[in-house]
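1. Provided below for reference: sequence and predicted model.
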Amino acid sequence: MESRKNLLNEKNRLRQDILTMATMVEENIGKAIIALRTRNVELAKEVRADDSKVDALQIKIEDDTAYIIATQQPVAGDMREMLAIFKLTSNIERIGDYAKHLAKAAKKLAKNKNIPFREQEHSNLTSLENMAETGKKMFNSAISAFMTHDAQAARDAAAMDSIIDAEHKELILNILVVLKTKPDSIKNAVQILQTANQLERLGDHITNICEAVIYMVESKHEDLNE
């Protein structure tokens, strides 16, 4: 019984570390969105600096998880959670990279006042912000599903990826319209399209987290990226 209690304590500690890592990444996504919206270069730099902390926490969590597997003899359900944690940390780290890329894009775009159709209601920057906001909400829901061991909540979170995909397609169409009348905007357009593509992939990584949660809870592999 004592060994089981130790394992539960270790699992709770891992969950809190996962939550800390995810919170850092979610905050960085939020900072990157604000940096994009307000052209705040210093905030964009802050996101890039914070990314190293996320990377360090990933290594710590994975080392601790490997140690628990080696020393605590986890049973089937515990082992699924340990394996899910490896998948979570890998994808959370990648999501953190996309927050950094968004901040980098915000820094570059802040230097250029001639952004295509900035003043239009459905501008390209607004579309980027919408994609990032949806991704931030989706990420929060996915991590919440992990913390509560809620497979259905994970499926609901993954379903938000379709919103990001739709916003991505709309942005591409808007850019193409602008380039027909403003072909000299190609440099900015490429930067925005690259950022949009990264945000689209961010949604895919969050979906991977949702799949890991479903495996952890229900012991089945479910493809949510179809």
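-> On my side now, so go ahead. Numbering: from 1, shown residues only.
2. Name the SS class of the residue nearest in space to the middle of the chain, please.
-> By C-alpha atoms, centre = their mean, the chain has its centre lying nearest to residue 95, at 3.4 Å. With DSSP: H, G, I helix; E, B strand; the rest coil as the basis, residue 95 sits in helix.
3. That one is in contact with residue 28, isn't it?
-> No - assessed by C-beta atoms under 8 Å, residue 95 is found out of contact with residue 28, at 9.1 Å. In short, each C-beta sits where N, CA and C put it, glycine included.
4. Sketch out the low-pLDDT regions of this structure for me.
-> 1-3, 111-123, 226 (pLDDT under 70).
5. Now do residue 152 against residue 141, distance only.
-> 11 Å (C-beta to C-beta, to the nearest Å).
6. right, I mislabeled it, should have said residue 104
-> 26 Å.
7. Buried residues in stretch 9-25, which are they?
-> Neighbour-count burial for stretch 9-25 flags 10-11, 14-15, 17-18, 21-22, 24-25 (criterion: 16 or more other C-beta atoms under 10 Å).
8. Just the ones of those residues in helices?
-> 10-11, 14-15, 17-18, 21-22, 24-25 (DSSP state H).
9. Redo those residues as CSV? Include distance to residue 129.
-> Shown next, in CSV, are these (distance: C-beta to C-beta, whole Å):
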residue, distance to residue 129
10, 40
11, 37
14, 33
15, 31
17, 30
18, 27
21, 24
22, 21
24, 21
25, 18
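10. Residue 201: what's it in contact with?
-> residue 98 (C-beta atoms under 8 Å, 6 or more residues apart in numbering).
11. Could you say which helix or strand holds it?
-> helix 186-218 (DSSP states H and E).
12. and that helix, how far out from the chain's middle?
-> Chain-centre distance of helix 186-218: 7 Å, with C-alpha atoms, centre = their mean, to the nearest Å.
13. likewise stretch 81-88?
-> With C-alpha atoms, centre = their mean, you get 16 Å for stretch 81-88.
14. Other residues contacting that stretch?
-> 11, 14, 18, 61-62, 65, 68-69, 74, 146, 208-209, 211-213, 215-216.
15. and what of stretch 60-78?
-> 3, 6-7, 10-11, 13-14, 17-18, 21, 79, 81-82, 85-86, 89, 219.
16. can you pull out the helices in this structure?
-> Going by DSSP H, the chain shows helices at 2-38, 41-72, 76-110, 124-148, 151-159, 161-181, 186-218.
17. Turn those helices into a markdown table, including distance to residue 225.
-> Listed next are those as a markdown table, based on distance: least, C-beta to C-beta, whole Å:
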| stretch | distance to residue 225 |
| --- | --- |
| helix 2-38 | 20 |
| helix 41-72 | 22 |
| helix 76-110 | 12 |
| helix 124-148 | 13 |
| helix 151-159 | 8 |
| helix 161-181 | 8 |
| helix 186-218 | 5 |
